[in-house]
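> Quick one, fold the following:
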Amino acid sequence: MFSLLLESRAKAAFAAMLAFSVSAVPPVATAGPLADAAKKAEELAAAGDPVGAHDLMRDAYGNFSATLPFSIGRTAFVDKPPEGYGMFQPRESNSFRPGEVLMSYVEPVGLTWKPTADGKIESAFTVDLELLGDKGEILAEQKAFGTFNFKGSFRNQEIFANLTLDLDSPPEGTYVLRYRFRDAASGAVAISEQPFQITP
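Okay, here's the model as predicted:
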């Protein structure tokens, strides 16, 4: 009786190990919509249709981006307004003198696009401002510091915000500039934080 019980336990343990080993096998990766679109785009390009290949990948990337959570991509202090998406020069330092403006380049990711009555699609977001002290306390804030709206024929992903803050003679010290982006269509929020210093 005792030996049979041991044998049953051993069989059960072996069965459990077998089940674990089977379930632990990673699933086979399958190609997704982006990979399928890339293959078709390569075929179009090879067939002499570069514009068709470009448009196919643009639309595929736009559809894929629509599945991403609303987030903040690249963020940088700049000395002058960017000329376009990705066309900016990051500031060499995050130290500012009293009276200098704080100009930020920020790229939101995963915006929601909605159809419009005239057959286009549009996306919009607002930006709230918070100025934090070195202990995380809120020193100043402003709702709807900026409002941005984009309308077109496809989900444009080359979108950025150029935000300029003019502080009124702040004392020397360490601060954090926080911008709270809110997707107008979905209500999702994404936060950009930029530490900086005011020096003499």
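> The helix or strand where residue 122 lies: what's the following helix or strand?
Using DSSP states H and E, residue 122 sits within strand 121-132. Counting by DSSP H and E, the next helix or strand C-terminal to strand 121-132 is strand 138-152.
> Who are the packing partners of that next one?
strand 121-132, strand 161-165 (3 or more CB pairs under 8 Å, 6 or more residues apart in numbering; DSSP states H and E). Just so you know, the C-beta spots here come from the backbone N, C-alpha and C atoms, and that holds for glycine as well.
> follow-up on the earlier one: the strand holding residue 122 packs against which elements?
Contacts defined by 3+ CB pairs under 8 Å, 6+ apart place strand 121-132 against strand 114-115, strand 138-152, strand 161-165, strand 173-183.
> Adjacent strands (with direction) for the longest one?
Applying DSSP bridges, strand 138-152 is found paired with strand 121-132 (antiparallel).
> between the strand it pairs with and strand 173-183, how many degrees?
Relative orientation of strand 121-132 versus strand 173-183 (axes from the mean of the first three to the mean of the last three CA atoms, to 10 degrees): 160 degrees.
> export strand 121-132 as CSV, just CAs?
Provided in CSV are the C-alpha atoms of strand 121-132 (Å, rounded to 0.1, in the frame of the first residue of the first chain):
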residue,chain,number,x,y,z
ILE,A,121,-9.6,62.3,-40.0
GLU,A,122,-8.4,64.4,-37.2
SER,A,123,-6.5,64.2,-33.9
ALA,A,124,-6.1,66.7,-31.1
PHE,A,125,-4.5,67.0,-27.7
THR,A,126,-4.1,69.6,-25.0
VAL,A,127,-1.1,70.2,-22.8
ASP,A,128,-1.2,71.2,-19.1
LEU,A,129,1.8,72.8,-17.4
GLU,A,130,3.3,72.1,-14.0
LEU,A,131,6.4,73.6,-12.5
LEU,A,132,7.9,71.4,-9.8
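> Can you say which of the helices and strands packed on strand 138-152 is packed in most?
When those are scored by mean count of other CB atoms under 10 Å, the highest mean neighbour count falls to strand 121-132 (a mean of 18).
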